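Visitor: sequence below, structure please.
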Amino acid sequence: MFRLHLFTALLLCSSSAPNRWSDSQLQSVGDVNSLEEKLFQLQRKLQLSQDGDDPCAFSSAAKNGSDAGLKMFDASGKPGSNLLALEGAGVWQWLGDYDECQAIGQEMAHYCMFQGAYGAILPQYTLPVLKKLVFVPGLRWGLCVPRQCTAKALSAKVVATIKEVIYFNSSLVETVCEPSDVQFSSFAIVVIVLCCIIGFLVLLATVFEYSQDCVKNILCQLKPMEETNCQKSTKSREDSTLLPSDSSSKQKQSSGLCLELLLSFSLVQNVPKLLDTARSAKNISCLHGIRTLSMMWVILGHCYFWFEVFQNVANIEAAYDHIHQFAFQPIANAFFSVDSFFFLSGLLVTYLSLQQMERSANCLFWIKFYVHRFWRLTPTYAVALLIYWQLMPYFVDGPLWMGMYDNKQCDHYWWTNLLYINNFYPKYSDMCMGWSWFLAADTQMYVLSPIVIIPAFFLGLSGLIPLVCLLIAVLITIAVIVSVKEFPANIILSGFCCCQNLLHVRFELNLFVACSGPATQTLDYENMVYIRFYTRAAPYLVGMAVGYYLAKRDQLRQKLFRVWTVGGWLLAAGLGVTIVYGLYDYNNGHHYSQGASSLYLTFSSCLWGVCLAWVVYACTSGSGGIINNILSWSGWFPLSRLTYSAYLLHPVVLFVYVGSMRQTVYVDNFHMAFMFVAITGISYASAAILSLCVEYPMAAIEKAVLKRIQF
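Guide: Numbers count the residues shown, from 1 in each chain. Presented below is the predicted three-dimensional model:
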């Protein structure tokens with residue numbers, strides 16, 4: 001305790017005579033000093049026990065002159081600074097040195113992470129400076145202990161010692177110890193073998209086609225042939241990824257089905273498709289920009305979300321204060337990026353289906369409609385699921401990783417993902433790949449989309465009546481739920497960032513599961529509104545209306561006067577700004593009435609779809625100006641084609657990055673900007689590999705097979 005008393009003396013002596021400490025300030029310093037003494041007493045009592053029968057005592061590792069006990073003490077976490085900056089919004093985190101503990105040797109020691117949730121009633125300090133510490137949400141303590149010390153024994157010892165030294169009302173505790181020997185499971189080995197097989201097919205197909213092209217070029221030089229036989233077709237990938245085009249590259253006469261299936265994995269074919277930036281009359285170029293920017297918006301929001309949910313932030317109070325900044329509102333409301341994807345899905349499925357139905361609208365078309373959807377999504381989805389479920393646990397280790405990731409949800413509920421029902425069962429907190437709820441909701445909307453598409457095709461504008469009725473029903477459903485449950489306007493943020501009554505964070509659930517107030521409401525909102533297709537369908541339906549217009553625009557197009565164009569842009573911009581920045585005052589304490597909150601939650605997603613509808617309309621009708629030039633930039637095309645794989649893999653990248661950290665970090669906007677660029681780059685690089693090895697080959701296989709069975 002000498003250093004504490006020395007620090008206090010230096011602090012008091014540093015004040016000049018004209019600015020002496022007041023009595024209350026002196027008492028506050030004494031209280032802080034007393035608190036730190038209590039915490040160091042807690043550490044000494046726990047770690048320096050001389051009980052020979054205690055398997056967790058460091059003395060048990062100090063026999064025969066070994067310095068292992070000293071190294072364990074040095075590697076264990078210790079109380080540090082920033083004790084007063086929690087304000088009920090974070091946890092005390094003493095992580096220690098994970099790598100130093102590892103260096104002692106697995107036969108001697110192992111690293112354990114104690115995570116406790118408390119209604120922490122400290123000694124009854126009465127001064128304002130410490131009143132905030134009457135409640136401390138929890139403690140995360142990294143301890144290097146002897147190998148024979150089990151998680152259960154350590155947990156019991158820590159809880160008992162905490163109660164004895166500092167009066168904590170223990171609520172929930174969890175101790176996770178690093179396993180002694182990490183070995184690949186049988187299932188993980190199967191997944192590795194599967195990945196190797198896919199990689200071998202890609203290599204074999206690429207070498208085969210490249211050598212075939214080399215031979216062909218040599219023959220063309222030695223013996224002139226017809227130009228059509230010496231040129232390789234490099235037809236670009238279709239812009240639409242929801243329905244295939246009937247036109248496809250001609251099959252080589254000498255190629256059989258097996259050879260064509262093999263060449264589907266060839267990088268010689270797939271890389272040019274990915275990188276192609278050519279425009280065609282059928283493509284709606286502005287959609288590439290909207291899709292890519294929306295994906296980057298998702299990644300940016302998740303960068304902040306990952307740090308604050310897993311609370312590996314040293315300045316947690318400052319991190320939560322971001323929500324009060326005006327410039328932070330687009331990140332705080334990054335949830336609307338999901339509505340952008342619903343809008344795009346509704347637009348594309350309607351636009352492409354109506355075009356195809358002009359050529360063929362029989363029963364086979366609808367079989368193809370559903371088969372294509374399942375085949376287009378599922379193989380890539382399954383590979384990403386296997387990587388997350390079976391391989392990610394072996395990617396990295398660290399003090400935060402042990403408590404951050406648990407694949408028990410996937411062990412039990414992986415099948416719900418592949419059936420696209422995981423947004424209904426299990427509940428959100430038990431979902432495997434928590435971000436995959438979007439695929440389930442989007443697929444369910446796709447399955448039901450013929451309810452709108454068929455009447456629109458046969459009845460024209462009057463056939464859109466079902467769409468209008470469905471939109472009204474969706475809005476009424478949202479309004480009823482949010483009004484009855486009295487959800488606040490910033491319901492998700494109030495649970496994740498502003499919960500002042502948080503009791504515990506269960507990292508294996510990635511959610512708050514034992515908290516009251518706003519966080520409990522957040523869980524209810526997510527399970528009742530956020531992940532259900534029937535409450536997220538408003539922007540999808542708006543997109544379907546735009547898709548109908550684009551398919552019939554030759555019949556419906558009417559030239560707008562310039563004044564209407566300007567008015568449309570002003571209205572769309574005003575709506576967009578209001579939706580994204582509309583909760584700024586609310587997030588700064590000026591709460592709205594329940595009626596106003598219900599209106600916002602009911603109409604915000606729908607109106608966001610309306611904003612995008614105007615953007616697409618203006619860009620396709622020649623009124624887009626510089627906005628159309630930006631969104632239709634050819635540089636977006638390759639990134640747009642990687643969106644699906646980037647969506648699946650970017651959370652895996654975030655898990656690995658955050659889980660590999662050895663200490664908490666100080667988060668500010670500059671740090672997050674660098675992190676966003678890095679995570680985005682790695683995510684898209686990973687997406688390119690997944691797309692070229694799985695997504696593109698599966699699309700080529702689909703075309704080859706359907707062609708031969710005359711779909």
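Visitor: low pLDDT regions in the stretch 601-711 of the chain?
Guide: For the stretch 601-711 of the chain, applying pLDDT under 70 flags the ranges 710-711.
Visitor: now for residue 338: which residues touch it?
Guide: Taking C-beta atoms under 8 Å, 6 or more residues apart in numbering, we find residue 338 in contact with 298, 438, 536. (Each C-beta comes from the backbone N, C-alpha and C, glycine too.)
Visitor: so what's residue 147 closest to, chain neighbours aside?
Guide: residue 110 (5.5 Å; C-beta to C-beta, 6 or more residues apart in numbering).
Visitor: who does the one you found bridge with?
Guide: Taking DSSP bridges as the rule, residue 110 bridges to residue 145.
Visitor: tell me which residues touch it, please.
Guide: Residue 110 sits next to 101, 144, 145, 147, 149, 177, 178, 180 when contact means C-beta under 8 Å, 6+ apart.
Visitor: how far away is it from residue 151?
Guide: 10 Å (C-beta to C-beta, to the nearest Å).
Visitor: mutual contacts of these two, please.
Guide: By the contact definition C-beta under 8 Å, 6+ apart, residue 110 and residue 151 are jointly contacted by residue 177.
Visitor: look at residue 513 and report its pLDDT.
Guide: pLDDT for residue 513: 34.
Visitor: need the residues that contact stretch 271-286.
Guide: Defining contact as C-beta under 8 Å, 6+ apart, one finds that stretch 271-286 is touched by 234-237, 239, 351, 550, 615-616, 619-620, 624, 628, 631-632, 634-635, 637-638, 641-642, 688, 691-692, 696.
Visitor: do the same with stretch 455-474
Guide: Residues outside stretch 455-474 that contact it (C-beta under 8 Å, 6+ apart) are 350, 353-354, 357, 361, 451-452, 454, 534-535, 537-538, 541-542, 544-545, 548, 552, 606.
Visitor: which among those end up buried?
Guide: Among the contacts of stretch 455-474, those buried by neighbour count (16 or more other C-beta atoms under 10 Å) are 350, 353-354, 357, 361, 452, 454, 535, 537-538, 541-542, 544-545, 548, 552, 606.
Visitor: tabulate the contacts of residue 338 (CSV), appending distance to residue 458, secondary structure and pLDDT.
Guide: Below are these laid out as CSV (distance: C-beta to C-beta, whole Å; DSSP: H, G, I helix; E, B strand; the rest coil; pLDDT from 0 to 100):
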residue, distance to residue 458, secondary structure, pLDDT
298, 37, helix, 96
438, 31, helix, 97
536, 28, helix, 96
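Visitor: how far away is residue 618 from residue 464?
Guide: From residue 618 across to residue 464, the span is 21 Å (C-beta to C-beta).
Visitor: ditto for residue 586
Guide: 35 Å.
Visitor: check residue 291 too.
Guide: Separation of residue 291 from residue 464 (C-beta to C-beta): 25 Å.
Visitor: which one of these two has more residues nearby?
Guide: The neighbour comparison of residue 291 against residue 464 (other C-beta atoms under 10 Å) goes to residue 291, with 23 against 19.
Visitor: list the contacts for that one?
Guide: 340, 341, 344, 636, 640, 643.
Visitor: 7 Å instead?
Guide: 344, 640, 643 (C-beta atoms under 7 Å, 6 or more residues apart in numbering).
Visitor: which residue ranges form the strands in this structure?
Guide: 92-94, 109-119, 138-146, 169-177 (DSSP state E).
Visitor: can you pull the buried residues of the second one?
Guide: Looking back up the chat, that one is strand 109-119. By 16+ other C-beta under 10 Å, the buried positions in strand 109-119 come out as 109, 110, 111, 112, 113, 114, 115, 116, 117, 118.
Visitor: how many other residues sit next to residue 468?
Guide: 12.
Visitor: show the pLDDT at it.
Guide: We have a pLDDT of 96 for residue 468.
Visitor: likewise for the one 5 residues further on?
Guide: Residue 473 is assigned 97 on the pLDDT scale.
Visitor: with residue 37 instead?
Guide: According to the prediction, residue 37 has pLDDT 71.
Visitor: how many residues are close by it?
Guide: For residue 37, using other C-beta under 10 Å, the count is 14.
Visitor: try the one 5 residues further on
Guide: Residues lying near residue 42 (other C-beta under 10 Å) number 20.
Visitor: help me confirm that it comes into contact with residue 161.
Guide: Yes - contact status for residue 42 versus residue 161: in contact at 6.2 Å, counting by C-beta atoms under 7 Å.
Visitor: which strands and helices lie in contact with the longest helix along the chain?
Guide: Identified as the longest helix of the chain according to DSSP state H is helix 186-222. For helix 186-222, the helices and strands in contact under the criterion 3 or more C-beta pairs under 7 Å, 6 or more residues apart in numbering; DSSP states H and E are helix 257-263, helix 267-275.
Visitor: hmm, which of the contacts of stretch 271-286 are the buried ones?
Guide: 236-237, 239, 351, 550, 615-616, 619-620, 624, 628, 631-632, 637-638, 641-642, 688, 691-692, 696.
Visitor: any idea how far residue 385 is from residue 108?
Guide: Residue 108 is 38 Å from residue 385, where distance means C-beta to C-beta.
Visitor: next one: residue 396
Guide: In terms of C-beta to C-beta, residue 396 sits 19 Å off from residue 385.
Visitor: residue 308 now?
Guide: In this view, residue 308 and residue 385 are 26 Å apart by C-beta to C-beta.
Visitor: repeat that for residue 694.
Guide: Residue 694 sits 12 Å away from residue 385, going by C-beta to C-beta.
Visitor: looking at the contacts of residue 291, spot the one nearest residue 412.
Guide: residue 643 (29.5 Å; C-beta to C-beta).
Visitor: list the contacts of that closest one.
Guide: For residue 643, the contacting residues are 291, 292, 295, by C-beta under 7 Å, 6+ apart.
Visitor: now the longest helix of the chain against helix 267-275, angle please.
Guide: Helix 186-222 and helix 267-275 are oriented at 100 degrees to each other (axes from the mean of the first three to the mean of the last three C-alpha atoms, to 10 degrees).
Visitor: let me see the contact set for residue 645.
Guide: Residues in contact with residue 645 (C-beta under 7 Å, 6+ apart) are 380, 687, 690, 691, 695.
Visitor: narrow the contacts of stretch 271-286 to those in helices?
Guide: In helices, defined here by DSSP H, the members of the contacts of stretch 271-286 are 351, 550, 615-616, 619-620, 628, 631, 637-638, 641, 688, 696.
Visitor: neighbours of the residue nearest to residue 702 when sequence neighbours are not counted, how many?
Guide: Counting by C-beta to C-beta, 6+ apart, residue 702 lies nearest to residue 375, which is 5.2 Å off, once chain neighbours are set aside. Residue 375 has 16 neighbours, counted by other C-beta under 10 Å.
Visitor: quick one: residue 375 and residue 420, what's the gap?
Guide: Using C-beta to C-beta, residue 375 is found at 13 Å from residue 420.
Visitor: and what of residue 658?
Guide: Applying C-beta to C-beta to residue 658 and residue 420 gives a distance of 28 Å.
Visitor: check residue 54 too.
Guide: Separation of residue 54 from residue 420 (C-beta to C-beta) stands at 52 Å.
Visitor: right, and residue 71 touches residue 104 too?
Guide: Yes - with contact defined as C-beta under 7 Å, residue 71 counts as touching residue 104 (5.2 Å).
Visitor: chain neighbours aside, what residue packs nearest to residue 624?
Guide: residue 618 is the one closest to residue 624 (C-beta to C-beta, 6+ apart), at 4.7 Å.
Visitor: and the one you found, what is it in contact with?
Guide: Residue 618 touches 565, 568, 569, 624, counting by C-beta under 7 Å, 6+ apart.
Visitor: same thing with residue 362?
Guide: Contacts of residue 362 (C-beta under 7 Å, 6+ apart): none.
Visitor: list of residues touching stretch 680-696?
Guide: In contact with stretch 680-696 (C-beta under 7 Å, 6+ apart) are residues 198-199, 202, 267, 270-271, 273-274, 296, 299, 379-380, 383-384, 639, 642, 644-646, 649-650, 653.
Visitor: restricted to buried residues, select those residues in ChimeraX.
Guide: Remark: buried members of the contacts of stretch 680-696, expressed as a ChimeraX selection using 16+ other C-beta under 10 Å:
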select :198,202,267,270,271,273,274,296,299,379,380,383,384,639,642,644,645,646,649,650,653
